[in-house]
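# Sequence and predicted model, in that order:
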Amino acid sequence: MVRAAGWHLAMSSEEYASDCDSATETEGSGDEAEVVQPSSETVTRAPPSSKENDKFKPARNTRGRRLRVAAKERSRVWAHYTRYDEPIMGIVDGKEQQIGIEKRAQCKYCPTTLKCDSRANGTSSLAKHTETVCKGYPGKVDLETQHTMNADVLDPNGNVVVRKWSEDACLDAACVMIVLDELPFSSIERPGFKHFCRVAVPNWIPPCRKVVVKNFLHMYDTKKEELRKELRSHSVCLTTDTWTSCQNINYMVITAHFIDGGWNMHKRVLNFCVIPNHSGNSIGKILETCMMEWNLDKVLTISVDNASANKVAIEYLIEKMSGWPRQPIFGGKYMHVRCLAHILNLIVKSGLHIMNKSVASIRNVVRYVRSSGQRLEEFKACVEKDKIPCKKICVLDVPTRWNSTYMMLDTALQLKKAFNRMADEEDGRYRSYFDEDEELNDEGEEAESQVVVATQQQKKRVGPPVVSDWEKASVLVKYLKVYLDTTVDVSAQLKPTTHKAFVDIAIVKAELDEMFNKPLSSDASETDKVLHGMANKMRAKFRKYFGSVDDINQLFFIALVLDPRYKLKNVEHVCYTMLNMSSDAIRRKSDEVKQLLLELCDLYATTEGEKAESSQSSAAKRKRSVGEGSSNTPTPSVQPEGVLGKRAAMLKAWNKQLEAEAVIVGGEVDRYLLDPIENPKDMEKWSILDWWRCNGSKYPNLQAVARDVLAIQVSTVASESSFSTGKRVIDPHRSSLTPRTVEALICLQNWLKSDAIMRLQYIPSIEEMGWFEDVEKEQAEEERIRLEKLQLAIQEEELATQQSRKAAKVSKPSKSSDASKTSKPSKASKLSKSSKFGKRNK
């Protein structure tokens, strides 16, 4: 600290000497004076005498210059650091020697050292390290031990939860915010976010994005390891697809689906990695690498689209897995699952080509309305004038996606009157628009859907739509509704769809056959002819993928049988009513499905290490010991020792009769098939997972089969949805992200949004089982009362009918009988008359 002139006047000689002796070699921070080491030549003058008014001059060296005294450290940070000089080594004349000194400070709570030169560095970096970075700073413990009341989080009893505040929790929350909201990492450094933190969390100083990225990658690695451990105990079903980003980089996504112990379905994105090309071997190698990285040796199926490369990839993967310690089920025979949504897309697009002209005319009139804000307002005015109840606004489709074309036509048909009014009231702009040349690769069309040739002649726009175009569109929308519902049905990601797949395929085939077999008369309309040709093309495309029931993945039949509302009888019913199969073919297919279910049940009983119950392929081939109460087969009694005579002969004859009349019930499979079929009141709210969760304990091996089979995905929508996230993450403004960061962002977002995995298998309690039994009894009693009331009502109706018939017969001679009744005297009158006559006679 620099002393002002005359500072020595208020000091005694002893104070002066002690002050000089306490001078150190350290420097202050900021504007503190430089400390100079006193030399051996320093001369200290004696204090003046009283004659000189107790004044003395400051100490001087031999050159007569004033000695600079070491100043005291004024910054509070020095209480937490130890200063030292670190030598700077260098090469001088070929030898390593000290060429300078660097002033550094050692933190007293951690091994960190920082530069502390007063002129070059200052103390701000030291203070920041102590307040935000240092983990051992005791002052931070006081801050983190403070608890806050969170009224938004309540415990099961409804009490407010008290949470502990920490900087690490704030940093993790910032990373979660960036991942979930798809924000750039630089948002942590933006002024708006810093202002928010100063107001909301004044104790937390937002770090730089470098710290956030490191913490984010650490969070991703931690979550990945946790998920890897969870998946070891589950059999998974994979879906995969490929995509090209705006960076012109090919990405491949792999998604796992499984059902946990609580019978909740889960979806987890495992990989979003770069793929060099779309060849089958490349896809197969990445699938193999992913399975080895995640330790996935229990993979039941892989759902892919219908590209030929995917078939090669599945074959490559099955060949590699055949050498693994745990081989795929049935040698991977049912591992390949074709995407039903993709097949439906190809079927519908093959038929839409016939109606291209009508669809294009409606698409152009919609494009005219959407081409400017003024035209859109004029169209809304036409809607109001015609008092159309539809609140929708006409939408433009994507020609490569038939479902968007369906939505465009459906909305346009509801607004048909407004389009016609707009054509009547508009000036020449409406007509002149259709006289212009068609714009190639217009909005809504993808670039790869067309090949633009420079010499191609421009064509006039198709339209405006006429009456026949609207009629064709109306019939087309009604016809495509079935395909739209089926596509939505098979595209679900977090609920089972496998048990509906076979029925959906049968419904599509029945619709195509009905439309194709519809007779066409000589005077048939143009719309009927177009629809017939459309059905012919779609039917041919359908037969390419599902020519027979053997072309369908056989696990779809197993899933339908595992639905307690349908079971094996529904397979036979659908084959007969919708597929028009013969009785022999239906019987043969039913036996194949049951045999496959038996083999799966035995396989799961063996692999799970459980005691296999008796399962039947034939009475002569297979007989197994069953658990207690697991079979309805009569068991011959063992003849006790010491039983002789007539009793022994009776027991022996009884055992022979039991063996002769025994009907073998093959354990779980036959018990399940023979149990009553479920008939829930509300089919929409009924859940197949909930049913197996509550009733699976009756069929332990079938329950294991159902848990894996119901997790199969019949479409690749789960993987394609990840590309929607990828398009937002890798936009033109964030194209500098590395592939590893992109994979971490997409995977971690999916993991954070997903529900927790239940490890323990759900076992219903006695109270819950009793509750379900009471409900079943109550339902049975209600059904009995309903039937009794119905029978009583029928009897009363029959009795009323009989009485009305009798009354009708009696009403014919009513007049004559009434007359006779009035003329005939009553018995009382006879008695009175006889009494009168008797008195007279007397």
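Cool, got the structure. This one's a predicted model, so the numbers in the text were calculated from it and none came from an experiment. Numbers count the residues shown, from 1 in each chain.

# I'd like to know which elements the helix or strand encompassing Glu225 is packed against.
Secondary structure from DSSP states H and E places Glu225 in helix 209-231. Secondary structure elements in contact with helix 209-231, counted by 3 or more C-beta pairs under 8 Å, 6 or more residues apart in numbering; DSSP states H and E, are helix 167-180, helix 739-753. (Each C-beta comes from the backbone N, C-alpha and C, glycine too.)

# Which residues belonging to the shortest one are considered buried?
What it means is helix 167-180. Across helix 167-180, burial judged by 16 or more other C-beta atoms under 10 Å covers 167, 170-171, 174-175, 178-179.

# That one vs helix 739-753, what angle?
Between helix 167-180 and helix 739-753, the angle comes out at 100 degrees (axes from the mean of the first three to the mean of the last three C-alpha atoms, to 10 degrees).

# part of a helix, is Val269?
No. Residue assignment for Val269, taken from DSSP: H, G, I helix; E, B strand; the rest coil, gives strand, which places it outside any helix.

# Pull the contacting residues for the closest residue to Ser279 other than its chain neighbours.
In space, Ser279 comes closest to Ala309 once its chain neighbours are excluded; the distance is 5.9 Å by C-beta to C-beta, 6 or more residues apart in numbering. Residues in contact with Ala309 (C-beta atoms under 8 Å, 6 or more residues apart in numbering) are 278-280, 283.

# if I look at Ala309, how far off is Lys285?
For Ala309, the distance to Lys285 under the criterion C-beta to C-beta, to the nearest Å works out to 12 Å.

# Next: Val369.
50 Å.

# Counting neighbours around each, name which of those two comes out higher.
Comparing Val369 with Lys285 by other C-beta atoms under 10 Å, the one with more neighbours is Val369, at 22 against 17.

# what's near enough to touch the more buried one?
In this structure, Val369 makes contact with 375-376, 379, 394, 419, 422, judged by C-beta under 8 Å, 6+ apart.

# hmm, 6 Å instead?
By C-beta atoms under 6 Å, 6 or more residues apart in numbering, the residues touching Val369 are 375-376, 379, 394.

# Going by distance to Gln98, which of the residues you listed wins?
Closest to Gln98 out of the contacts of Val369 is Leu376 (79.2 Å), distances taken as C-beta to C-beta.

# okay, that closest one: pLDDT?
Among the per-residue scores, Leu376 holds a pLDDT of 85.

# can you count the residues close to it?
As a burial measure, Leu376 scores 14 neighbours (other C-beta under 10 Å).

# picking that back up, from the contacts of Val369, which ones fall inside strands?
With strands taken from DSSP state E, there is no overlap with those.

# Same list (these) but as a markdown table, adding distance to Asp117.
Putting those into a markdown table (distance: C-beta to C-beta, whole Å) gives the following:
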| residue | distance to Asp117 |
| --- | --- |
| Arg375 | 70 |
| Leu376 | 67 |
| Phe379 | 73 |
| Cys394 | 71 |
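
# List only those of these flagged as buried.
Members of the contacts of Val369 that pass the buried threshold by neighbour count (16+ other C-beta under 10 Å) are listed as 375, 379, 394.

# Report the rounded mean pLDDT for the host helix or strand of Arg543.
For Arg543, the enclosing helix or strand under DSSP H and E is helix 526-545. For helix 526-545, the per-residue pLDDT values average out at 85.

# and the next element down the chain from it?
Toward the C-terminus from helix 526-545 - assigned by DSSP H and E - lies helix 555-561.

# Determine how far that next one lies from the middle of the whole chain.
Taking the mean C-alpha point of helix 555-561 and that of its whole chain, the gap between them comes to 23 Å (C-alpha atoms, centre = their mean, to the nearest Å).

# ok, how many other residues are close to Ala653?
Around Ala653 there are 10 other residues, counting by other C-beta under 10 Å.

# who's in contact with it?
By C-beta under 6 Å, 6+ apart, the contact set of Ala653 is empty.

# Quick check: it vs Glu684, distance?
56 Å.

# Angles on the backbone of Ser322, please.
When quoted as degrees, to the nearest 10, the phi and psi of Ser322 stand at phi -60, psi -20.

# Also Asn517?
Residue torsions, per degrees, to the nearest 10, at Asn517 are phi -80, psi 0.

# Also Lys108?
Lys108 adopts backbone torsions of phi -80, psi -10, taken as degrees, to the nearest 10.

# so which strand or helix has the residue nearest to Leu555 when sequence neighbours are not counted?
For Leu555, the nearest residue in space outside its immediate sequence neighbours is Tyr334; the separation is 5.1 Å by C-beta to C-beta, 6+ apart. In this structure, Tyr334 sits in neither a helix nor a strand according to DSSP H and E.

# do Ala127 as well
With DSSP H and E as the criterion, Ala127 is inside helix 124-128.

# got the buried residues for that helix?
Going by neighbour count (16+ other C-beta under 10 Å), the buried part of helix 124-128 is Leu126.

# can you check stretch 476-488 too?
With burial defined by 16+ other C-beta under 10 Å, the residues of stretch 476-488 counted as buried are 476-477, 479-480, 482-484, 486-487.

# In strands only, show me those residues.
If you go by DSSP E, those have nothing in strands.

# returning to that earlier point: between the buried ones among the contacts of Val369, which is nearest Asn203?
Within these, proximity to Asn203 (C-beta to C-beta) peaks at Cys394, which comes in at 53.9 Å.

# That closest one against Val366, yeah?
Yes. A contact is recorded between Cys394 and Val366 when judged using C-beta atoms under 6 Å, the distance being 4.8 Å.

# could you pull out the helices for the stretch 651-800 of the chain?
With helices called from DSSP state H, counting those that start in this stretch, the stretch 651-800 of the chain shows them at 667-674, 688-695, 700-709, 717-729, 739-753, 766-810.

# Point out the most buried one among these.
The highest mean neighbour count among the helices of the stretch 651-800 of the chain belongs to helix 700-709 (a mean of 23), with neighbours defined as mean count of other C-beta atoms under 10 Å.

# That one to helix 667-674, inter-axis angle?
80 degrees.

# pLDDT of helix 700-709, averaged?
Mean per-residue pLDDT for helix 700-709: 91.

# What helices and strands are in contact with it?
For helix 700-709, the helices and strands in contact under the criterion 3 or more C-beta pairs under 6 Å, 6 or more residues apart in numbering; DSSP states H and E are helix 555-561, helix 583-607, helix 667-674.

# With mean pLDDT and distance to Val212 added, can I get those in CSV?
What follows is the helices and strands packed on helix 700-709, written out as CSV (pLDDT from 0 to 100; distance: least, C-beta to C-beta, whole Å):
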stretch, mean pLDDT, distance to Val212
helix 555-561, 93, 45
helix 583-607, 88, 45
helix 667-674, 86, 54
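
# could I get these as TSV with distance to Trp402?
Shown next, in TSV, are the helices and strands packed on helix 700-709 (distance: least, C-beta to C-beta, whole Å):
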stretch	distance to Trp402
helix 555-561	24
helix 583-607	32
helix 667-674	40
